[in-house]
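Trainee: Predicted model follows, preceded by the sequence.
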Amino acid sequence: MITKKKRQLIMIISISVPIVIIIGILIALYFTTDMFKPKNKLFEKYIAQNINIIDEMAKKSPKEIMRSNK
């Protein structure tokens, strides 16, 4: 038979390990995706990307833009 202390240790480990794994997954999702970011931060991020694209397109001539779209 397993002693009472070993049984408690096994229960603590079997509860804490999945919790730690779930927290790790949530942290990884937070830093690698836009899933948990507030809407205003997402808006700022994507508007900045669009401004950069517009600036690059403004530097090109219309012929270069038409060639890159094909």
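Mentor: Cool, got the structure. Numbers count the residues shown, from 1 in each chain.

Trainee: Next SSE downstream of the longest helix along the chain?
Mentor: The longest helix of the chain (DSSP state H) is helix 4-32. Once the chain leaves helix 4-32, the next helix or strand it forms, by DSSP states H and E, is helix 39-59.

Trainee: what bits of this protein have low per-residue confidence?
Mentor: Low-confidence segments of the chain (pLDDT under 70): 65, 68-70.

Trainee: From residue 54, how far out is the residue positioned nearest the centre of the chain?
Mentor: Centroid-nearest residue in the chain: residue 33, 1.9 Å away (criterion: C-alpha atoms, centre = their mean). Distance from residue 33 to residue 54, counting by C-beta to C-beta, to the nearest Å: 25 Å. From N, CA and C alone the C-beta is placed, and that goes for glycine too.

Trainee: same check, this time on residue 61
Mentor: 15 Å.

Trainee: try residue 31
Mentor: In terms of C-beta to C-beta, residue 31 sits 28 Å off from residue 54.

Trainee: what do you get for residue 10?
Mentor: Taking C-beta to C-beta, one finds residue 10 at 60 Å from residue 54.
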